[in-house]
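> For reference, the sequence and a predicted model appear below.
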Amino acid sequence: GAVVSQHPSWVICKSGTSVKIECRSLDFQATTMFWYRQFPKQSLMLMATSNEGSKATYEQGVEKDKFLINHASLTLSTLTVTSAHPEDSSFYICSARGGLGEAFFGQGTRLTVV
Amino acid sequence: EDQVTQSPEALRLQEGESSSLNCSYTVSGLRGLFWYRQDPGKGPEFLFTLYSAGEEKEKERLKATLTKKESFLHITAPKPEDSATYLCAVQAWTGYQKVTFGIGTKLQVIP
């Protein structure tokens, strides 16, 4: 299957600072990438859909000014959590869509805001 | 709204004890149903895609089947390394083909 690389795998930051998470498709071009958030014992919740060269589409209830998404190339999308607070602590996962519609996921990023 | 319900939420099996996981879904035009495996602290690992009722796919000890309302993931003679959370997801044809996930079934295989 296709390979999606996400970096960093974990990060600890102070409250009020910003954190950038990168998502790269290593062996295929992804015009669309997705960003999810997962709380313990809960399902993956789609936050936004990232489209190369255009603005991201955010799900209802997700603050676009807090979760900045940039999809500058066909292989890279970034999620920046701005002015992070403890309630933003979570597991963030990106995915890229393969040619048959299936989603391939990155390894995930565990964000802890202290 | 698309919905995915997985059962059971947790399943404990003895090594070699076969069983099935269920995924019931409602979707406005199914483009595909996906099964993933997720280990703790990691992203989901793609297993299968099913597109139409009656379709079956196999990979080692896993076999996925699909009907118009549900999908089953059959695990034959499981081993401890099969322990993980198994996620089911559906993708609709509408809009930008959003993928909706179930909460998953946490499988534990005991030696």
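Cool, the structure landed. Residues are numbered from 1 along each chain as shown, chains lettered A, B, ... in the order given.

> In chain B, what residue lies closest to chain A?
B:Gly43 (3.7 Å; C-beta to the nearest C-beta). C-beta: built from backbone N, CA, C; applies to glycine.

> Name the nearest residue to that residue, ignoring sequence neighbours.
Nearest residue to B:Gly43 in three dimensions, chain neighbours excluded: A:Phe105, at 3.7 Å (C-beta to C-beta, 6 or more residues apart in numbering or on different chains).

> Next, the residue nearest the centre of chain A: secondary structure please.
Geometric centre of chain A, nearest residue: A:Trp35, 3.7 Å, by C-alpha atoms, centre = their mean. Put simply, A:Trp35 is strand when judged by DSSP: H, G, I helix; E, B strand; the rest coil.

> Report the beta-bridge partner residues of it.
With DSSP bridges as the criterion, A:Trp35 is bridged to A:Ala48, A:Cys94.

> and B:Thr81, which of the three is it?
For residue B:81 the amino acid is Glu, not Thr. Following three-state DSSP, B:Glu81 is assigned to helix.

> same for the helix or strand of chain B with the lowest mean pLDDT, what does it pack against?
Ranking every helix and strand in chain B by mean pLDDT, DSSP states H and E puts strand B:99-101 at the bottom, with a mean of 89. Strand B:99-101 sits against strand B:3-7, strand B:84-92, with contacts defined as 3 or more C-beta pairs under 8 Å, 6 or more residues apart in numbering or on different chains; DSSP states H and E.

> most packed of those strands?
Among these, strand B:84-92 has the highest mean neighbour count (mean count of other C-beta atoms under 10 Å in any protein chain shown), at a mean of 23.

> does chain A sit close to it?
Yes - Strand B:84-92 comes into contact with chain A (C-beta under 8 Å from any C-beta of the partner chain), by way of B:87, B:89, B:91.

> For those, give me CSV that also has distance to A:Gly101 and pLDDT.
Compiled in CSV, the residues of strand B:84-92 next to chain A are given as follows (distance: C-beta to C-beta, whole Å; pLDDT from 0 to 100):
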residue, distance to A:Gly101, pLDDT
B:Leu87, 16, 96
B:Ala89, 11, 94
B:Gln91, 6, 88
